[in-house]
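K.L.:
one predicted model, sequence on top.
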Amino acid sequence: DGGITQSPKYLFRKEGQNVTLSCEQNLNHDAMYWYRQDPGQGLRLIYYSQIVNDFQKGDIAEGYSVSREKKESFPLTVTSAQKNPTAFYLCASSGSGSSDNEQFFGPGTRLTVL
Amino acid sequence: QKEVEQNSGPLSVPEGAIASLNCTYSDRGSQSFFWYRQYSGKSPELIMSIYSNGDKEDGRFTAQLNKASQYVSLLIRDSQPSDSATYLCAVNLDRMDSSYKLIFGSGTRLLVRP
């Protein structure tokens, strides 16, 4: 089955800790994205990567870091510098072809800071 | 002014009726437009994409795009209780440094009454 997986589904973090959220896709998509969603709000872009070993900041990158060492993987680290990290984190990917900017989402990780 | 605006709702319609969801955007050069459905606690699911003026139909869904007026709408015919969800409008900005970015509205909550 082709798709996007995210783990864990739920994550609890103590203040001052860094945590890493996993995102893997087997769709052979070039581009991958991380979004954050807060209750009652739309999605806000954290980071995106159009190609391996390259990534760009989105609109709310402060307190987050990413890597793109493999085409299939785009992990997101939420650092202790992120002041309000409790949110629903969504990973997406998009591929090449005529519909290359159609983005498909993984199931998400719900992060709660205790 | 927000880049992508939607009425937050809820929009309440009876089962079997047509639900009409609207979205306006500010960037006149935008080229790609998407509708996502998001059930409570779940990730967004792409249901329609539209790239040119006019209507695009897929089953019970019709997307309508009017670039001159800068709006895109989604019609759901024969609405079912299972259509009850939040519908997110997303727009691809037509900028050199943002060709992969989608800007999301905050969503319209649809409630279909049995």
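P.N.:
Structure received. Numbers count the residues shown, from 1 in each chain, chains lettered A, B, ... in the order given.
K.L.:
look up the closest residue to A:Gln41, ignoring the ones flanking it.
P.N.:
B:Ser106 (5.3 Å; CB to CB, 6 or more residues apart in numbering or on different chains). (Glycine included, C-beta is placed from N, CA and C.)
K.L.:
that neighbour: how many residues sit nearby?
P.N.:
Using other CB atoms under 10 Å in any protein chain shown, B:Ser106 has 19 other residues around it.
K.L.:
quick one, phi psi at it?
P.N.:
phi -80, psi 0 (degrees, to the nearest 10).
K.L.:
likewise the one 5 residues further on?
P.N.:
Phi and psi for B:Leu111, reported as degrees, to the nearest 10, are phi -120, psi 120.
K.L.:
so the residue nearest to A:Gln41 makes contact with B:Gln6?
P.N.:
Yes - if you go by CB atoms under 8 Å, B:Ser106 and B:Gln6 touch, sitting 6.1 Å apart.
K.L.:
find residues that contact each of the two.
P.N.:
Listed contacts common to B:Ser106 and B:Gln6 are B:Leu88; contacts here mean CB atoms under 8 Å, 6 or more residues apart in numbering or on different chains.
K.L.:
so what's B:Asp58 up against?
P.N.:
Per CB under 8 Å, 6+ apart, neighbours of B:Asp58: B:47-48.
K.L.:
not counting its neighbours along the chain, what's nearest B:Leu21?
P.N.:
Using CB to CB, 6+ apart, the closest residue to B:Leu21 is B:Leu74 (4.5 Å).
K.L.:
retrieve the pLDDT associated with the one you found.
P.N.:
B:Leu74 carries a pLDDT score of 98 in this model.
K.L.:
could you report the neighbour count for it?
P.N.:
23.
K.L.:
equivalent analysis for A:Lys57, please.
P.N.:
So A:Lys57, with other CB under 10 Å, has 13 neighbours.
K.L.:
give the rounded mean pLDDT of the helix or strand that contains B:Leu65.
P.N.:
If you go by DSSP states H and E, B:Leu65 is part of strand B:61-66. Strand B:61-66 carries an average pLDDT of 97.
K.L.:
pretty sure the residue nearest to B:Leu21 sits in a strand.
P.N.:
Yes - counting by DSSP: H, G, I helix; E, B strand; the rest coil, B:Leu74 is part of a strand.
K.L.:
wait, it touches B:Thr62, no?
P.N.:
Yes - applying CB under 8 Å as the test, B:Leu74 and B:Thr62 come out as touching, 7.3 Å apart.
K.L.:
elements contacting the helix or strand bottoming out on mean pLDDT in chain B?
P.N.:
Ranked by mean pLDDT, DSSP states H and E, the helix or strand of chain B with the weakest confidence is strand B:102-104, at a mean of 90. In terms of contacts (3 or more CB pairs under 8 Å, 6 or more residues apart in numbering or on different chains; DSSP states H and E), strand B:102-104 is packed against strand A:43-51, strand B:85-92.
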